[in-house]
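Enquirer: I'd like to go over a predicted model; first the sequence, then the structure.
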Amino acid sequence: MQLSERTLLRLHVEAVWGVQLPAILQSDIALSRESKQPPWRLCAAAITGDHVNIWRPDVPTVEREALLARAHEALALPPTIAGARDISREVALQQVASPTMDMTTVQQLARPLTSRDRALLRAFQPNSEGYYLHVDRRPLIGVISEGRLLSLAHSSRRTSEACELGITTLPEARRRGYALAATVLWAVSVSLEGLIPIYSALIKNQASLSLASAAGYRIFAHIATIK
């Protein structure tokens with residue numbers, strides 16, 4: 001399904017912060033006062049050839065020009081340069097390319113997890129099974145070797161239209177392709193539900209961005225949020 005960057009941005013913002021947005025038809029929009037309110041005052045996004053600014057409705061008009069200037073400054077900074085503490089920079093990505101790992105290998109390494117895997121989840125992360133087995137975390141995909149869960153992909157945020165990936169791999173199991181296999185199978189499972197898989201990461205998290213690229217994701221928005 002080919003969606004516009006503005007639609008993808010709406011899906012991402014709604015999933016991550018649990019807010020409700022109208023269709024993004026203009027460059028400046030405000031959240032409804034009836035929506036859940038996020039911790040940021042401004043979410044500024046750079047998409048192809050344009051900027052979109054999403055405002056919390058309680059931000060006074062007289063403050064907006066200064067906040068917008070700060071957000072655009074942050075968006076222009078190289079990834080390696082640290083920004084102000086009250087500004088978070090991230091990228092949102094969609095899967096538009098083929099993963100570097102073929103599906104045969106993916107399915108040899110990763111599989112869906114169910115309530116029967118409760119003990120594996122508990123060993124992977126103590127007392128986590130209630131969280132991961134919740135219906136909102138599905139699809140839950142794991143890589144298991146010698147009776148141990150080594151990598152786990154799940155929906156960290158889920159809406160009626162999209163899912164955002166959450167991926168965790170044990171330190172001793174990294175750089176073996178496990179996270180890639182779990183990520184790819186998670187995206188396939190999300191798509192089979194008729195939902196859009198979305199990946200996001202802090203701009204400075206190069207390991208996460210490398211994983212996203214290998215899984216076929218490409219950036220559709222650079223985002224700065226100001227508290």
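Expert: Structure's in. What do you need? Numbers count the residues shown, from 1 in each chain.
Enquirer: show me what the host helix or strand of Ala212 is packed against.
Expert: For Ala212, the element it lies in under DSSP states H and E is helix 206-214. Applying 3 or more C-beta pairs under 8 Å, 6 or more residues apart in numbering; DSSP states H and E, one finds that helix 206-214 contacts helix 178-192, strand 196-202. For glycine as for every other residue, the C-beta is placed from the backbone atoms N, C-alpha and C.
Enquirer: okay, now the residue nearest to Asp86 when sequence neighbours are not counted: neighbour count?
Expert: Nearest residue to Asp86 in three dimensions, chain neighbours excluded: Lys227, at 4.6 Å (C-beta to C-beta, 6 or more residues apart in numbering). Using other C-beta atoms under 10 Å as the criterion, Lys227 is surrounded by 12 other residues.
Enquirer: before we move on, what about Ser128?
Expert: 15.
Enquirer: got the contact list for it?
Expert: By C-beta atoms under 8 Å, 6 or more residues apart in numbering, Ser128 lies in contact with 121-122.
Enquirer: quick one: it from Thr169, how far?
Expert: 14 Å (C-beta to C-beta, to the nearest Å).
Enquirer: kindly format the C-alpha coordinates of whatever helix or strand Ala153 lives in as CSV.
Expert: Using DSSP H and E, Ala153 sits in strand 148-158. This file holds the C-alpha atoms of strand 148-158, laid out as CSV (Å, rounded to 0.1, in the frame of the first residue of the first chain):
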residue,chain,number,x,y,z
ARG,A,148,16.8,-19.4,24.9
LEU,A,149,15.0,-16.4,23.6
LEU,A,150,17.7,-14.2,22.1
SER,A,151,15.8,-11.5,20.1
LEU,A,152,12.3,-10.2,20.4
ALA,A,153,10.2,-8.0,18.1
HIS,A,154,6.8,-6.7,19.1
SER,A,155,4.5,-3.8,18.5
SER,A,156,5.5,-1.2,21.0
ARG,A,157,2.6,0.9,19.9
ARG,A,158,-0.5,-0.2,18.0
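Enquirer: give me the buried stretch members for that strand, please.
Expert: 149-158 (16 or more other C-beta atoms under 10 Å).
Enquirer: in TSV: those, plus distance to Ala45.
Expert: Formatted as TSV, the buried residues of strand 148-158 follow (distance: C-beta to C-beta, whole Å):
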residue	distance to Ala45
Leu149	35
Leu150	35
Ser151	30
Leu152	29
Ala153	25
His154	25
Ser155	22
Ser156	20
Arg157	17
Arg158	21
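Enquirer: give me the contacts around the helix holding Ala212.
Expert: Contacts of helix 206-214 (C-beta under 8 Å, 6+ apart): 79, 91, 93, 99-101, 167, 179-180, 183, 199, 201-202.
Enquirer: report the two of those residues separated the most.
Expert: By the measure C-beta to C-beta, Pro79 and Met101 form the most distant pair in the contacts of helix 206-214, at 25.4 Å.
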